[in-house]
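Chemist: everything below, folded, please.
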Amino acid sequence: MYFERLDGNKLRVRLTAEDLEEFLVTYDGMDYADSATRMMVSEILSRARLECGFTPGDGRLLIEAYPGEEDGCTLLFTAVPPPGRPALGKGGFGPLVYAFEDIDTVIDGSVRLFRLCCHRIYKSSLYRMDKGYRMILYPLGRTGSRASTLLAEYGELAGEGPAAAAVVEEHGAPVILGNAIDKLSYYFARG
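Modeler: Numbers count the residues shown, from 1 in each chain. Okay, the predicted model is just below:
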């Protein structure tokens, strides 16, 4: 599998015959109504987020498939922003700062957030501060987005905007910078 970021809202993915076989999908049999195709697309988007920072945002995602060499294929992903919003460049909205009492709550919330909507998070950083933890979250949606709502089940929204993030960055002790949710999920997800 080869990822090529074309710009802020486009990604080209080249899949070999072996990649397709791993997902139990063929080029001719690709259909988004098929669960194997949906699982493949989900896994590709997760890997693309980690490898090259591609996230589709809150708008629609256009997926085009083209036949490739030796029974492989090329997928072109284009994030289409909602009407009235410009295409995403490097980031989305935010930052949002969440406060947590203990590390177990941070881990539980991060694992659940990663499983359900990791593609909606641009980046996240974790800090130790005031006998607890603070997570700075850069979501690809507004405060009421699914990611923000989900994290609020585990922690308390302690602030919004660059000033709130700057306070945490200045007074907190960094634990994980840039990809806290991803790293915590990688090391602590069960199953």
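Chemist: helices along the protein, start to end?
Modeler: 17-22, 35-52, 103-117, 146-152, 162-171, 180-188 (DSSP state H).
Chemist: now for the last one, which elements pack on it?
Modeler: Right, the one you point to is helix 180-188. helix 103-117, strand 121-129, strand 132-139 (3 or more Cβ pairs under 8 Å, 6 or more residues apart in numbering; DSSP states H and E). For glycine as for every other residue, the C-beta is placed from the backbone atoms N, C-alpha and C.
Chemist: quick one: the first one to chain centroid distance?
Modeler: Average the C-alpha atoms of helix 103-117, do the same for its chain, and the two points are 13 Å apart (Cα atoms, centre = their mean, to the nearest Å).
Chemist: pull out the buried residues from that helix.
Modeler: For helix 103-117, a neighbour-count test (16 or more other Cβ atoms under 10 Å) marks V106, I107, D108, G109, S110, V111, R112, L113, F114, C117 as buried.
Chemist: swap in the second one?
Modeler: By 16+ other Cβ under 10 Å, the buried positions in strand 121-129 come out as I121, Y122, K123, S124, S125, L126, Y127, M129.
Chemist: quick revisit: worst average pLDDT in the helices of the chain?
Modeler: For the helices of the chain, the weakest mean pLDDT is recorded on helix 146-152, namely a mean of 73.
Chemist: just the CA trace of stretch 175-191, in CSV.
Modeler: The C-alpha trace of stretch 175-191 is given here as CSV (Å, rounded to 0.1, in the frame of the first residue of the first chain):
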residue,chain,number,x,y,z
VAL,A,175,3.6,13.6,28.4
ILE,A,176,2.8,12.9,24.7
LEU,A,177,3.0,15.6,22.1
GLY,A,178,1.2,15.6,18.7
ASN,A,179,-0.4,12.2,18.7
ALA,A,180,-1.5,11.4,22.3
ILE,A,181,-4.8,9.6,21.3
ASP,A,182,-3.1,7.5,18.7
LYS,A,183,-0.2,6.4,21.0
LEU,A,184,-2.5,5.7,24.0
SER,A,185,-4.7,3.6,21.8
TYR,A,186,-1.8,1.7,20.3
TYR,A,187,-0.4,0.7,23.7
PHE,A,188,-3.6,0.3,25.7
ALA,A,189,-6.4,-0.9,23.4
ARG,A,190,-7.5,-4.4,24.2
GLY,A,191,-8.6,-6.7,21.4
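Chemist: start at 9 instead
Modeler: Taking 9 as the first residue, the last one we looked at is stretch 183-199.
Chemist: ok, and what's touching that stretch?
Modeler: For stretch 183-199, contacts defined as Cβ atoms under 8 Å, 6 or more residues apart in numbering pick out 58, 114-115, 118-119, 121-123, 126, 129, 131-136, 141, 143, 145.
Chemist: cool, thanks, talk later.
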